[in-house]
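1. task: produce atomic coordinates for the following.
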Amino acid sequence: MASDDDLRRQLVELSERVASLEAEVRSLRASQPSVYAAEPATAKTPLKARETTRETKSGDAASLESRIGAQLLNRIGILAVLIGVAWFLKLAFDRNWIGPPVRVWIGLAAAAALAAWSERFRRQGFPAFSFSLKALGTSIAYLSLWAASSVFHLGPSWLIFLAMSAVTMANAVLARRQNSELLGLYALAGGLATPGLLSVGHSNEIFLFLYLALLNAGALFLMASHQWKRIAWAALLGTAAYSIGWSVIENDPSHMPLVVFFLALFFALFAVAPFLILRGARALPPDSFFIAFPIANAAATWVALMVLFGARGQHTGRPWVTIALAGGCFLMAVARRRPAILSSTNVGLAIFFVTVAVPLEFDGTTVTLCWLGESLALVALARARADAALRFFATSVLTVAGVSLLVDWIAGTPQPLAVVTNMHFATNLVGAAVFAMVTSLSLGGGPGRAFGSWNYLAAFATVAFSLTVLVAVSLEIHHYWFCGAGFFRDFCGRYGQLERRTIAAGWGYSAWCMIYGAVLMAAGFFRRSAFLRWQALVVLAFSIAKVFLNGVSQQSQGYRVLSFLALGVLLLAISFAYQRNWLRLRG
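-> Below you'll find the predicted structure:
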C-alpha cells in the first residue's frame, strides 16, 4: 500500500507541475504576442529586413499600392502645392499685394526651403527625387536673382553676379560632398546661364572670359575628383557657345589679342581633362572619351578662331593660328603620362591642322606640292618609328594629295604656252617621284591589306605613280598639238586643219600608252610582280580599245598602219613571253 500511496502522490505532483507550466505559457502569450505571430521576428532582425519580408509576402498588388501611396501621391502633392503657391503669388503680384523686393526674397526663401527639404528625402533613400528638388530650388534662385537685376533693377549687376556665383558654388560643394554628378551638372548649367542672364548689352570680354575660365577650372576639379565625364562635356559645349557667339557679334579688332589668349587658355584647360581622369582613376581603361573629347576641344577652338579672324577681315592670320593649334596638339601628344589612344588622337589632330593650314595660306599647285611633301615625310617617319597610327595618318594625307593632283588635272588653271617646262608638268613629276619613293618605303612593311597597312600604301602609291605618269605625258602631248609655243605654234599653224592635229594627238596618246604598258610589263616580269603585270594588262587593254575604235575612223593611212603594226608587234612579244612560261604561271 505504501508504494501505491507514493505513486498517487507523484502523479498529483506531476499534474500540478503541468498545470503551472500551462499557466506560464498563457502568461507569456499574453505579454509577448509577437513571439508566436505567424511572421516571427527576433529582436536581432532589422526593421528594414522585416518590412522587406512583409512587402515580399504581400504580393504585387501591395507593391503597386505602396508605390502609388508613397511615391506618386507624394510627387503629385508636391506639384499641387507648388502650383497653388505659384498661383497665389501671381495673384498677389497682379494686385500689387507684394512689392518687388519682397517678391525676390520670397523666391530666394522658396529656393532655400526646397534645398533644405530635399535633404530629408536624400537621407531617407530617395537621391534622385532629392536632386530634382535641389535643381528646382536652384532654378528659382537664379530666376529670382535675374528678376532682381534685369526686371526690377534692385541692385548693381556685380552684386547679383556674386549672388549667382554663390549659388553655383554651393551646388558644386554639395555635388562633391554627396558624390552626385547630376547635382554637379545642375550647378554647371546655372553657372553657364549666369553671364547670359546678366547680359548688359555691351562688350565686356575680360569679365566674360575670366568668369568662364574660373567656372571651367571648377568643373575640371569636380571631374578629376569623381571622373565625371559629362561635366567636362557640358563645360566644353557651354564655353564653345559663348566663345563662338562672342566672336560673331563683336567687331572690335583691338580685343582680338585678349580673346585669342583666352581661347588658348580654354584649349589648354580642356586638353588636360583626359589626363586628369587618368590620374584620378589608376585602373580606368581608355575608351571613346579619349578620342571624341580631344577632337571636340580642338574643333571648337579652331572654329572660334576662324570666326574671330574671318569676321574682322584678318584672314591672313588664319593659317598661323591653325599651325599654332597643331603645335598645341603635338605637345599634348608627347606628354609623359598618356595612353596610346590619347597620344594617337593628338598626333592625328596635329597632322590634320597642318594639312588644313596649307590651303589657307597657298593656292593652286603649291597646295598639292605641300601635301605631297607632307605625306612623304609622314611615311618615312612611320617607317622609322614602326607606328601604325602614324602610318594611317600618312595614308590619309597621301590620299588627299592624290585627289588634289586629280583636281589639278580636271579643273586646273590654264597651262602656259611652254611645253614640258611649265608648273603643271613639274607638279606631276614631283607627284610621280613622291609616289615612287612611297612605294619603295612601303614594300616589305608587313602583312595586311586594310587602309593604312603597308601593302595598301604600296599598292595605292604604285597605281598613283602609273596614273600620274600616264596623265602627265598625255597632257603634254595635248599641249604640244593644240597649244604650242614659239616655233611649235607656227608648226601647228602650217600643219593644217584641226582634224589632222586631232588625229596626230590621238596617235600620240596610243603610242604613249603602248610604250608605258610595255615598260610596265617588263618591270612586272623582271620583279616577278603580278600586281605590275596586271597594271600593264589594263593599260594595254586601253591601248587596244583606242587603236581599234579610233583607227577605223582615222583618215590618215600612215597613222593607221603605224598604230596597228606597233600594237600587233607589242602584243605578240608579250604573248610569246607568257607562252614561254618564264614565271611558271601555268602551275
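
2. right, and Leu192 touches Leu215 too?
-> Yes: with contacts counted by Cβ atoms under 8 Å, Leu192 reaches Leu215, the gap being 7.0 Å. (Glycine included, C-beta is placed from N, CA and C.)

3. shared neighbours of the two, which are they?
-> Shared contacts of Leu192 and Leu215 (Cβ atoms under 8 Å, 6 or more residues apart in numbering): Ala235.

4. next, count neighbours for the closest residue to Ala458 other than its chain neighbours.
-> With sequence-adjacent residues excluded and distances taken as Cβ to Cβ, 6 or more residues apart in numbering, Ala458 is closest to Ser442, at 3.7 Å. Ser442 has 25 neighbouring residues, counting by other Cβ atoms under 10 Å.

5. any idea how far Ala350 is from Ser442?
-> The gap separating Ser442 from Ala350 is 23 Å, by Cβ to Cβ, to the nearest Å.

6. and for Thr439?
-> 26 Å.

7. the more surrounded of these two?
-> Neighbour tally, Thr439 and Ala350, criterion other Cβ under 10 Å: the higher count belongs to Ala350, 23 against 19.

8. which helix or strand contains the more buried one?
-> Using DSSP states H and E, Ala350 maps to helix 340-361.

9. so what touches that helix?
-> For helix 340-361, the external contacting residues (Cβ under 8 Å, 6+ apart) are 274-275, 286, 290-291, 294-295, 298, 302, 318-320, 322-323, 325-327, 329-330, 332-335, 367, 370-371, 374, 378, 389-390, 393, 397, 400.

10. one step back: for the residue nearest to Ala458, what are its contacts?
-> So Ser442 contacts 379, 383, 454-455, 457-458, 461 (Cβ under 8 Å, 6+ apart).

11. backbone torsions only: list them for Asp387.
-> With angles defined as degrees, to the nearest 10, Asp387 sits at phi -100, psi 120.

12. shift numbering so it begins at 46
-> Sure thing, new numbering starts at 46, so read that last one as Asp432.

13. any idea how far it is from Trp499?
-> Distance, Asp432 to Trp499, by Cβ to Cβ: 12 Å.

14. again with Ala264
-> Noted for Ala264: a distance of 43 Å to Trp499, by Cβ to Cβ.

15. who's more crowded, those two?
-> It is Ala264, of Ala264 and Trp499, that has more neighbours when counted by other Cβ under 10 Å, with 28 against 22.

16. dump the residue contacts of the more buried one.
-> Neighbour list for Ala264: 229, 233, 276-277, 279-280 [criterion: Cβ under 8 Å, 6+ apart].

17. if we use 7 Å, what do you get?
-> For Ala264, the contact set (Cβ atoms under 7 Å, 6 or more residues apart in numbering) comprises 233, 276-277, 280.

18. helix or strand for it, which one?
-> Using DSSP H and E, Ala264 sits within helix 250-271.

19. could you point out the helix or strand that follows that helix?
-> As assigned by DSSP H and E, the chain's next helix or strand after helix 250-271 is helix 274-294.

20. what's the mean pLDDT across that next one?
-> The pLDDT scores in helix 274-294 average 89.

21. before we move on, what about stretch 167-176?
-> On average, stretch 167-176 scores 72.

22. what bits of the stretch 396-545 of the chain have low per-residue confidence?
-> 457-463, 490-491, 493, 528-545 (pLDDT under 70).

23. all helices for it, in order.
-> For the stretch 396-545 of the chain, applying DSSP state H, counting those that start in this stretch gives helices covering 410-430, 433-456, 468-487, 499-527, 532-540, 543-571.

24. dump those to CSV, plus distance to Leu178.
-> Below are the helices of the stretch 396-545 of the chain laid out as CSV (distance: least, Cβ to Cβ, whole Å):
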stretch, distance to Leu178
helix 410-430, 56
helix 433-456, 48
helix 468-487, 63
helix 499-527, 58
helix 532-540, 87
helix 543-571, 77
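
25. which of those sits closest to Glu61?
-> helix 433-456 (96.4 Å; Cβ to Cβ).

26. and the closest one, which residues are buried?
-> Neighbour-count burial for helix 433-456, counted by 16 or more other Cβ atoms under 10 Å, picks out 434-447, 449-451, 453-454.

27. returning to that earlier point: per-residue confidence averaged over the helix holding Ala264?
-> Mean pLDDT, helix 250-271: 82.

28. ditto for stretch 212-232
-> On average, stretch 212-232 scores 75.

29. endpoints of it, how far apart?
-> By Cα to Cα, to the nearest Å, the extent of stretch 212-232 from end to end equals 8 Å.

30. list phi and psi for Arg573.
-> When read as degrees, to the nearest 10, the backbone of Arg573 gives phi 50, psi 50.

31. state the distance from it to Ala567.
-> Applying Cβ to Cβ, the value for Arg573 to Ala567 is 12 Å.

32. the more surrounded of these two?
-> A direct count of neighbours by other Cβ under 10 Å for Arg573 and Ala567 places Ala567 higher, at 16 against 11.

33. which residues does that one contact?
-> Taking Cβ under 7 Å, 6+ apart, one finds nothing in contact with Ala567.

34. can you check the pLDDT for it?
-> Note on Ala567: pLDDT of 79.

35. against Ser574, how distant is it?
-> 11 Å.

36. what does Met482 give?
-> From Met482 over to Ser574 the distance is 18 Å, taken as Cβ to Cβ.

37. just Leu267 next, same as before
-> 60 Å.

38. neighbour count winner among those two?
-> Comparing Leu267 with Ser574 by other Cβ under 10 Å, the one with more neighbours is Leu267, at 23 against 17.

39. list the contacts for that one?
-> Counting by Cβ under 7 Å, 6+ apart, Leu267 touches 217, 220-221, 229, 273, 276.

40. rewinding a little: got a quick PyMOL command for the buried subset of the contacts of Ala264?
-> Typed into PyMOL, the line below selects the buried ones among the contacts of Ala264, using 16+ other Cβ under 10 Å:
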select buried, resi 233+276+277+280
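
41. now the two most distant members of the contacts of Ala264.
-> Taking Cβ to Cβ, the two most distant members of the contacts of Ala264 are Leu233 and Ala277; they sit 9.9 Å apart.

42. check which helix or strand Gly200 maps to.
-> Using DSSP H and E, no helix or strand contains Gly200.

43. quick one: it and Ala193 touch, right?
-> Yes: judged on Cβ atoms under 7 Å, Gly200 makes contact with Ala193 at a distance of 6.1 Å.

44. contacts only, for Glu250.
-> Contact analysis of Glu250 by Cβ under 7 Å, 6+ apart lists 291, 300, 303-304.

45. flag whichever of those residues scores worst on pLDDT.
-> Among these, His300 has the lowest pLDDT, at 78.

46. what's the nearest residue to it if we skip its chain neighbours?
-> Once flanking residues are discounted, His300 sits nearest to Glu250: 5.5 Å by Cβ to Cβ, 6+ apart.
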